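**Q** Take this sequence and fold it.
(chains A and B)
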Amino acid sequence: MQYLLLIYNNERNWTELPEADVGALMGDYQSFTQSIAKSGHYKGGNALQPTNTATTVRVRNGKRTATDGPFAETREQLGGYYLVDAKDLDEAIGIAARIPGALTGAIEVRPIMQTPAPVPA
Amino acid sequence: MLATLIRLLGDFDVAEEALQDAFTIAVTQWERDGVPTNPRAWLISAGRNRTVDRLRRDDRFVRFTNTLALPTEPVVMPEEPRDEEDGVDDDQLRLIFTCCHPALARESQVALTLRTICGLTTEEIARAFLVPVPTMAQRLVRATGKIRAARIPYRVPPAGELAERLDAVLAVVYLVFTEGYAATSGDALVRRDLSSEAIRLGRLLVALMPDEPEANSLLALMLLHDARRQARAGADGDIVLLEDQDRACWDGAQIDEGLVRVEAALQNGGSGPYAIQAAIAALHARARVASDTDWRQIEALYALLLQRAPSAVVELNHAVAVAMVEGPERGLLLADAIDARGELRGYHLLHAVRADLLRRLGRRAEAAAAYDTALELVTLEPERRFLQRRLSELRQPDSNQAPAES
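**A** Numbering: from 1, shown residues only, chains lettered A, B, ... in the order given. This is a model prediction of the structure:
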């Protein structure tokens, strides 16, 4: 079963961190990613550019609007994610707890909805 | 049986349907062929086989077999070696841990436990917690939905997680008990059905985990509190304080069992929050008259509890014990410190305790003000009447001396 692990952190944790600490944190993420790749849990994952690069798009009554910024202004922002394979929620929680960002922010664990495979065109 | 079917079928709703199916088949078949030697195994087996049949024809089956690797051949249940009557089995233990999984909200944990372990109906649970039936039904649907969608596992947690997970289970059982023992709102002081369900759950936990001192302590704590049920309310439903209770009305047999269990838990290395609270309840229960109460030990135990499981409510209880040992002035000092921090401002008992201590110190105007605050916050009718009575006594011009209380 697949879970998306969404990493929420205060972006300033990154921007205000001394360069050496940023390097160390990157190293932590790298070794974490390697460890879950080796154990077979890793299905994908990415870090995101900060929210000042975000654009929010809506379509209402056929009219498209695109506005600057993320959908919700919150104290912690979505900064990256992992897609993992785990046998149940407990295993997914165990993996989430090892993400370096869990130490300062929060990880949201979302099960991937099981939908029938799309019919090839 | 429900617990076993949930394990076999991996789904709460499907298991409930299966059990109903099994009973329906049993009605006709047992009448024709006689009652089988092991009715429980028969029902489980019938429920399971019928479900597999039904799901095979059902489009859900595709989704279902994907996740469960369900065998497609009918399965004959082995004869169960355990005593069928006691209903204690590993399936139930697994089910308790699933119902009390930390990924579920506490109110859902409580509802699911009462629904699946105690077999209460949705209507009964709704009534017990004073919420509309559709609200409770929604809560249960959402919780079972999350168990399924997020795949909350159905198992006893491994040793490394057991202590933390057991805490949640014990907290749910104790919450059911306290809601029954001291309802948070409504007209009745005690909702007996919930207390007895909690004690039944406590017994089940002890049977499932006999070496767990905290499980035994929780059961002891509930038994000791519940033993005083008769004496806690007067004929008119009014509160009778611990010190004024007719101790002859306490349930002696239940107290004896509680005391034995506390001893056993302490000897088994129990030193957790429930062991300490049970030890405190034991000291109250042992006193033949209120003035025999060993407040010095109770005070020491509350101090210990404060270290183990710090909370403002425990601090308040400690303040009351200190007042009993060292006098109301020292107790008031501690209660005022809690008040100054503001955490318990909305808790009527903080103000009721302050009012009582001020009254005993003869500071009547301040006491009356504290009773007023407590009255604004109280939600339970008998408690409101009690506070009102105290306040009117205080305002009577001729009662210049507060009645002695110890």
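**Q** Give me the residue at the spatial middle of chain A.
**A** Centroid check for chain A by C-alpha atoms, centre = their mean gives A:Y81 as the closest residue, at 1.9 Å.
**Q** Next, the closest residue to that one other than its chain neighbours: secondary structure please.
**A** What sits nearest to A:Y81 in space, not counting adjacent residues and going by C-beta to C-beta, 6 or more residues apart in numbering or on different chains, is A:L6, at 5.1 Å. No exception for glycine: its C-beta is placed from N, CA and C like everyone else's. Assigned by DSSP: H, G, I helix; E, B strand; the rest coil, the conformation of A:L6 is strand.
**Q** Please report the distance of A:L6 from A:N13.
**A** 16 Å (C-beta to C-beta, to the nearest Å).
**Q** Likewise for B:A321?
**A** Note on B:A321: its distance to A:N13, by C-beta to C-beta, is 45 Å.
**Q** So the two - more neighbours on which side?
**A** Between B:A321 and A:N13, counting by other C-beta atoms under 10 Å in any protein chain shown, B:A321 is the more crowded of the two (22 against 17).
**Q** Quick one: residues contacting the more buried one.
**A** By C-beta atoms under 8 Å, 6 or more residues apart in numbering or on different chains, the residues touching B:A321 are B:W295, B:I298, B:E299, B:Y302.
**Q** Now name the helix or strand holding it.
**A** With elements taken from DSSP states H and E, the one containing B:A321 is helix B:312-326.
**Q** in that helix, what counts as buried?
**A** B:V314, B:E315, B:L316, B:N317, B:H318, B:A319, B:V320, B:A321, B:V322, B:A323, B:M324 (16 or more other C-beta atoms under 10 Å in any protein chain shown).
**Q** Report the closest residue of chain B relative to chain A.
**A** Distances between chain B and chain A by C-beta to the nearest C-beta are smallest at B:P153, namely 4.0 Å.
**Q** from memory that residue sits against A:L89, does it?
**A** Yes: counting by C-beta atoms under 8 Å, A:L89 is a contact partner of B:P153 at 6.6 Å.
**Q** So the two - more neighbours on which side?
**A** A:L89 (22 against 17).
**Q** Contact partners for the residue in chain A positioned nearest to chain B?
**A** Across chain A, no residue is closer to chain B than A:D88, which sits at 4.0 Å (C-beta to the nearest C-beta). Applying C-beta under 8 Å, 6+ apart to A:D88 gives the contacts A:M1, B:R151, B:I152, B:P153.
**Q** Using the three-state scheme, assign the last one.
**A** The one in question is B:P153. Once three-state DSSP is applied, B:P153 turns out coil.
**Q** Please pull up the helix or strand immediately following the lowest-mean-pLDDT helix or strand in chain A.
**A** Least confident helix or strand of chain A, by mean pLDDT, DSSP states H and E, is helix A:12-15 with a mean of 80. Downstream of helix A:12-15, the next assigned helix or strand under DSSP H and E is helix A:19-38.
**Q** on that earlier part again, next one: the helix holding B:A321 to chain centre, how far?
**A** Put simply, helix B:312-326 sits 23 Å off its chain's centre (C-alpha atoms, centre = their mean, to the nearest Å).
**Q** what are the ranges of the strands in the chain?
**A** The chain I'm using is chain A. Along chain A, counting by DSSP state E, strands occupy A:2-9, A:42-47, A:55-60, A:63-68, A:77-85, A:106-111.
**Q** That was the other one, I meant chain B.
**A** Under DSSP E, chain B gives no strands.
**Q** got any ranges where it has weak pLDDT?
**A** B:55-89, B:182-192, B:397-406 (pLDDT under 70).
**Q** Need the residue closest to the centroid of it.
**A** Central residue of chain B (C-alpha atoms, centre = their mean): B:Y174, 2.6 Å from the mean position.
**Q** Which residue, other than its chain neighbours, is closest to that residue?
**A** B:L218 (6.1 Å).
**Q** count of neighbours near the one you found?
**A** Other residues within reach of B:L218 by the criterion other C-beta under 10 Å amount to 31.
**Q** residues near residue 105, how many?
**A** Picking chain A for this. By the measure other C-beta under 10 Å, the count of residues near A:G105 is 19.
**Q** that's the wrong chain, I meant chain B
**A** Neighbourhood size, B:A105 [other C-beta under 10 Å]: 13.
**Q** ok, back up a step: give me the buried entries from the contacts of B:A321.
**A** Buried members of the contacts of B:A321, counted by 16+ other C-beta under 10 Å: B:W295, B:I298, B:E299, B:Y302.
**Q** could the residues you listed go into CSV alongside distance to chain A?
**A** Converted to CSV, the buried ones among the contacts of B:A321 look like this (distance: C-beta to the nearest C-beta, whole Å):
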residue, distance to chain A
B:W295, 44
B:I298, 39
B:E299, 39
B:Y302, 34
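**Q** and which of these is nearest A:G94?
**A** B:Y302 (36.7 Å; C-beta to C-beta).
**Q** isn't the closest one right next to B:H318, touching?
**A** Yes: applying C-beta under 8 Å as the test, B:Y302 and B:H318 come out as touching, 4.0 Å apart.
**Q** buried stuff in stretch B:289-301?
**A** Neighbour count says stretch B:289-301 has B:T293, B:W295, B:I298, B:E299, B:L301 buried, by 16+ other C-beta under 10 Å.
**Q** Most widely separated two among the residues you listed?
**A** Greatest spacing in these, by C-beta to C-beta: B:T293 and B:L301 (12.4 Å).
**Q** Can you pull the residues that touch both of the two?
**A** Joint contacts of B:T293 and B:L301 (C-beta under 8 Å, 6+ apart) are B:L283.
**Q** Pull up the residues of chain A that are close to chain B.
**A** A:M1, A:K87, A:D88, A:L89, A:D90, A:I93, A:V109, A:P111, A:M113, A:Q114 (C-beta under 8 Å from any C-beta of the partner chain).
**Q** try 6 Å this time
**A** A:M1, A:D88, A:L89, A:D90, A:P111 (C-beta under 6 Å from any C-beta of the partner chain).
**Q** What about these, which are in helices?
**A** Among the residues of chain A next to chain B, the members falling in helices (DSSP state H) are A:L89, A:D90.
**Q** Widest-spaced pair of the residues of chain A next to chain B?
**A** Largest pairwise distance in the residues of chain A next to chain B, by C-beta to C-beta, is 12.6 Å, between A:D90 and A:P111.
**Q** Give me the common contacts of those two.
**A** Overlap of the contact sets of A:D90 and A:P111 (by C-beta atoms under 6 Å, 6 or more residues apart in numbering or on different chains) is empty.
**Q** Can you point out the buried residues in the least confident helix or strand of chain A?
**A** Buried-residue list, helix A:12-15, by 16+ other C-beta under 10 Å: A:N13, A:W14.
**Q** what about residue 52, how many residues close to it?
**A** Just so you know, I chose chain A. Per other C-beta under 10 Å, the neighbour tally for A:N52 reads 11.
**Q** To clarify, I was referring to chain B.
**A** Close neighbours of B:V52, defined as other C-beta under 10 Å, add up to 21.
**Q** next one: B:L130
**A** 12.
**Q** Low-confidence bits of chain A, can you list those?
**A** A:121.
**Q** In CSV: the contacts of A:D88, plus distance to A:S31.
**A** Shown next, in CSV, are the contacts of A:D88 (distance: C-beta to C-beta, whole Å):
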residue, distance to A:S31
A:M1, 25
B:R151, 28
B:I152, 29
B:P153, 27
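**Q** Most neighbours of all those, which one?
**A** For the contacts of A:D88, the largest neighbour count, defined by other C-beta under 10 Å, is 23 neighbours, found at B:I152.
**Q** Isn't it up against B:P102?
**A** No: using C-beta atoms under 6 Å, B:I152 makes no contact with B:P102, being 9.7 Å away.
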